[in-house]
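1. This is the structure alone, sequence omitted:
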């Protein structure tokens, strides 16, 4: 088959789904190449790390023969991973396209205490696939449900956009290498954005029980701030048809702080966990939440169809949707054991 000048690629992104303790697809003894919490507590803004798919201790076999053997067994391979205190971002790609992923860079911005500590902030991963650049941002913004706290979250977003930098690498020639988040062709921002619902606890609970998402979203701080042009101008978010993702009682399907459990910390239910995107060439196929109970949040996840440029020409290759999409259930920690992912 003659190579086409463009491709459709499908990307799956998850918010707050951390597969703890898993080895890499190459090395069963592999340990994540992430900095410890202690190393990141006083993180400067920004810090930048450069990666390539086969470098920096990612458990990659040294010989080409071993690489080819592993690639034949693996569906996905890890290309970048970074942790900053409680924020964690990892990018995996299908093994057959890993050699087409270039210019990997990671930039961290701390927005915690004094505007620098890494308990709040962002991790951004920049990469190119063929002639198209991608940026993935995972963030944990300022918490709080008092009036005016949403303005602090807006400030976090502005500072992340301002301070995140991906410096040029010497010797890249004329390859496109964005320096800022908004310089990229396709951008996906996910994480605990912490925007709340501007209603009382009881009013919110009543609307949740009625599944009245329309009225709740009218009071959603993120939607309000976007409509007013104060944050995420020009960014997109899919329709929300699922209950608020925060705050749940431990290991249960019950929102924390109801009348039967007065000792629990009460927080008005809210869609704290979000996935947004920016740029042409991204089409969202799914935007749903998972029901994992490992946190007081529920994870959200999404699947995107992404157009990728080859030789600066656009062409959308026809593919069978059912056979080419990644099943969203594969991405949830409660659905499968690790060995069933066929990473080996």
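-> The structure has been received and is ready for your questions. A quick note: this is a predicted structure, and the numbers were derived from the prediction, not measured.
2. So which bits of stretch 253-269 are buried?
-> 255, 256, 257, 267, 268, 269 (16 or more other CB atoms under 10 Å). Every residue, glycine included, has its C-beta placed from N, CA and C.
3. Which pLDDT does the model give the first one?
-> Spelled out, it's residue 255. Looking at residue 255, its pLDDT is 94.
4. List the beta-bridge partners for it.
-> residue 248 (DSSP bridges).
5. quick revisit: JSON lines for the buried residues of stretch 253-269, including distance to residue 177?
-> JSON lines is the format used below for the buried residues of stretch 253-269 (distance: CB to CB, whole Å):
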{"residue": "255", "distance to residue 177": "45"}
{"residue": "256", "distance to residue 177": "45"}
{"residue": "257", "distance to residue 177": "48"}
{"residue": "267", "distance to residue 177": "42"}
{"residue": "268", "distance to residue 177": "43"}
{"residue": "269", "distance to residue 177": "42"}
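6. ok, those residues vs residue 113, which is closest?
-> residue 267 (21.3 Å; CB to CB).
7. gap between that closest one and residue 152?
-> Applying CB to CB, to the nearest Å, the value for residue 267 to residue 152 is 17 Å.
8. One more: residue 258?
-> 28 Å.
9. what sits up against stretch 142-158?
-> Contact with stretch 142-158 is made by 111, 120-121, 139, 141, 193-196, 198, 221-222, 224-225, 230-232, 267-268, 270, as judged by CB atoms under 8 Å, 6 or more residues apart in numbering.
10. out of those residues, which are inside strands?
-> Residues of the contacts of stretch 142-158 located in strands (DSSP state E): 121, 139.
11. So among the contacts of stretch 142-158, which ones count as buried?
-> Buried members of these, counted by 16+ other CB under 10 Å: 111, 120-121, 139, 141, 193-196, 198, 221-222, 224-225, 231-232, 267-268, 270.
12. now, which of those lie within helices?
-> 221, 222, 224, 225 (DSSP state H).
13. Grab the nearest non-local neighbour of the third one.
-> In this case it means residue 224. Leaving aside its sequence neighbours, residue 224 sits nearest to residue 198 (CB to CB, 6 or more residues apart in numbering; 7.2 Å).
14. and that neighbour, how far is that from residue 233?
-> Plainly put, residue 198 is 20 Å away from residue 233 if you go by CB to CB.
15. now residue 182
-> Residue 182 is 11 Å from residue 233, by CB to CB.
16. Those two: which has the busier surroundings?
-> Higher neighbour count among residue 182 and residue 233: residue 182, with 13 against 10, using other CB atoms under 10 Å.
17. Check the residue nearest to that one when sequence neighbours are not counted and give its pLDDT.
-> With sequence-adjacent residues excluded and distances taken as CB to CB, 6+ apart, residue 182 is closest to residue 161, at 6.7 Å. The model reports residue 161 with a pLDDT of 98.
18. What of residue 169?
-> Per the predicted model, pLDDT is 71 at residue 169.
19. can you count the residues close to it?
-> Neighbours of residue 169 using other CB under 10 Å come to 11.
20. That one contacts residue 177, doesn't it?
-> Yes. Residue 169 is within contact range of residue 177, at 6.8 Å (criterion: CB atoms under 8 Å).
21. Mind listing the shared neighbours of those two?
-> Joint contacts of residue 169 and residue 177 (CB under 8 Å, 6+ apart) are residue 103.
22. Name the SS class of residue 203, please.
-> What DSSP: H, G, I helix; E, B strand; the rest coil gives for residue 203 is helix.
23. Secondary structure class of residue 217, three-state.
-> Counting by three-state DSSP, the backbone at residue 217 sits in helix.
24. Excluding covalently adjacent residues, which one is nearest to it?
-> residue 223 (5.7 Å).
25. try residue 81
-> With CB to CB, 6+ apart, the residue lying closest to residue 81 is residue 90, at 4.2 Å.
26. number of nearby residues for the one you found?
-> Residue 90 sits with 20 neighbouring residues when counted by other CB under 10 Å.
27. Would you mind measuring from it to residue 163?
-> Going from residue 90 to residue 163 by CB to CB gives 22 Å.
28. Next: residue 263.
-> Applying CB to CB, the value for residue 263 to residue 163 is 40 Å.
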